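Asks: have a look; sequence and predicted model below, questions after that.
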Amino acid sequence: MRLGLVLGYWGAAPTTGFVELAQEVERLGFDSVWTAESWGSDVFTPLTWIAAHTSRIRLGTGIAQMAARTPTATAMHALTLDHLSGGRMLLGLGLSGPQVVEGWYGRPFPRSPLTAVREYVDVIRQTLRREKPVTLAGRYHPLPYPGPDGTGLGKPLKPITHPLRPDIPILLGAEGPKNIAQTVSIADGWLPLYFSPERWHEVYAAPLAGARPGFMVAPLVHARVCANVDEGLAPIRAMLGFYIGGMGAQTRNFHADLMARMGYGTEARRIQELFLTGRREEAVAAVPAAFADEISLVGPRERIAERLAAWRATPVTDLLVTSRDPLTLRTLAELVL
């Protein structure tokens with residue numbers, strides 16, 4: 001397995017020391033570093049800053065939100081950063097959810113998410129191949145624009161700049177079985193949000209069937225080297241309480257749906273109920289420690305080393321580690337690499 005560092009997105013202020021941390025994991029032998037976006041900092045600018053201060057480590061968007069940019073705009077970002085970094089770009093994409101897409105970007109969430117994702121990837125592939133002007137008779141991303149409110153003067157184009165690599169790897173954040181199956185067929189890798197090595201076969205084996213050699217399976221893994229497992233799991237449970245309880249409407253929360261598919265349906269509904277009625281501390285307390293532990297690597301070095309055996313027995317190719325603790329990162333490098 002390879003290791004990646006997940007830096008996520010900024011909070012109220014820019015994250016301090018993120019460049020130095022990227023440089024440190026590059027020295028430790030990590031393969032990749034990943035940035036994110038929600039409704040604050042964007043995903044590409046910090047990654048470009050990291051690219052300028054590193055030389056080898058691959059640079060991933062984990063994830064770039066599709067609603068934030070047209071597919072051709074995303075392809076422009078990717079080909080530009082790929083040139084500037086000497087071919088280190090990994091393009092991770094995701095739809096986000098209705099609350100963000102409609103509330104922040106002011107666009108309708110697609111009624112057919114599978115179609116929207118497929119079209120988006122198609123346009124990016126065409127752009128990067130640069131074989132001919134990009135066209136698509138699509139439902140969500142038609143090119144040229146055919147709408148009745150347009151001028152009718154749209155002209156098919158191909159990028160002026162020749163991409164350094166026509167095959168920049170594209171990875172998708174997907175959670176439902178149909179979405180994962182489509183990811184296997186149209187993308188170069190998959191970015192699972194929650195992955196349990198104990199349950200992967202029952203939850204993911206069917207949609208992952210047919211993945212070709214080299215297909216990346218790169219889950220986010222919360223990690224912390226510490227003496228007390230319960231204390232180490234506390235911030236992970238807090239994060240899960242927020243995402244499962246509040247990152248989506250009660251009737252449409254992809255994180256809660258995934259937790260239910262992983263065998264914690266009753267608990268997921270209870271977390272949502274508590275969070276959405278303003279009882280956030282109770283929502284966090286309702287997150288099962290067992291669930292937080294399944295998707296994490298927490299505890300003393302010996303416990304983490306033992307649990308890594310289960311991860312190695314899965315299709316996972318890359319562990320994308322969310323920790324910023326130097327001891328944890330160094331320990332994982334020693335145990336994994």
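Replies: Arrived safely.
Asks: contacts and neighbour counts: CA atoms only from here.
Replies: OK.
Asks: and W311, how far from L7?
Replies: To L7, W311 is 22 Å away according to CA to CA, to the nearest Å.
Asks: neighbour count: the two, which is higher?
Replies: Taking neighbours as other CA atoms under 10 Å, W311 and L7 compare with L7 leading, 23 against 20.
Asks: quick one: what helix or strand has that one in it?
Replies: Using DSSP states H and E, L7 sits within strand 2-8.
Asks: contacts for the strand or helix carrying L329 next, please.
Replies: Taking DSSP H and E as the definition, one finds L329 inside helix 326-336. The contact list for helix 326-336, computed with CA atoms under 8 Å, 6 or more residues apart in numbering, reads 1-3, 25, 28-30, 223-225, 301, 305, 323.
Asks: same check, this time on stretch 59-74
Replies: Counting by CA under 8 Å, 6+ apart, residues outside stretch 59-74 touching it are 6, 8, 32-38, 43-44, 47, 51, 88-96, 101, 105, 107, 120-121, 123-124, 127, 141, 173, 191.
Asks: try it again at 6 Å.
Replies: Residues outside stretch 59-74 that contact it (CA atoms under 6 Å, 6 or more residues apart in numbering) are 32-36, 88-95, 120, 124.
Asks: pLDDT of it, averaged?
Replies: Per-residue pLDDT over stretch 59-74 has a mean of 98.
Asks: again, but for stretch 284-294
Replies: If you average the pLDDT over stretch 284-294, you get 94.
Asks: got the buried residues for that stretch?
Replies: For stretch 284-294, the neighbour count (16 or more other CA atoms under 10 Å) marks V284, A286, V287, P288, F291, A292, D293, E294 as buried.
Asks: of the residues you listed, which is the nearest to H201?
Replies: Proximity of the buried residues of stretch 284-294 to H201 (CA to CA) peaks at E294, which lies at 13.8 Å.
Asks: just the strands in this protein please.
Replies: Using DSSP state E, the strands assigned to the chain run over residues 2-8, 32-35, 58-61, 64-65, 89-94, 170-172, 189-190, 216-217, 220-225, 296-299, 318-321.
Asks: export those to JSON lines and tack on distance to L81?
Replies: Below are those laid out as JSON lines (distance: least, CA to CA, whole Å):
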{"stretch": "strand 2-8", "distance to L81": "18"}
{"stretch": "strand 32-35", "distance to L81": "13"}
{"stretch": "strand 58-61", "distance to L81": "9"}
{"stretch": "strand 64-65", "distance to L81": "14"}
{"stretch": "strand 89-94", "distance to L81": "7"}
{"stretch": "strand 170-172", "distance to L81": "14"}
{"stretch": "strand 189-190", "distance to L81": "19"}
{"stretch": "strand 216-217", "distance to L81": "21"}
{"stretch": "strand 220-225", "distance to L81": "23"}
{"stretch": "strand 296-299", "distance to L81": "31"}
{"stretch": "strand 318-321", "distance to L81": "21"}
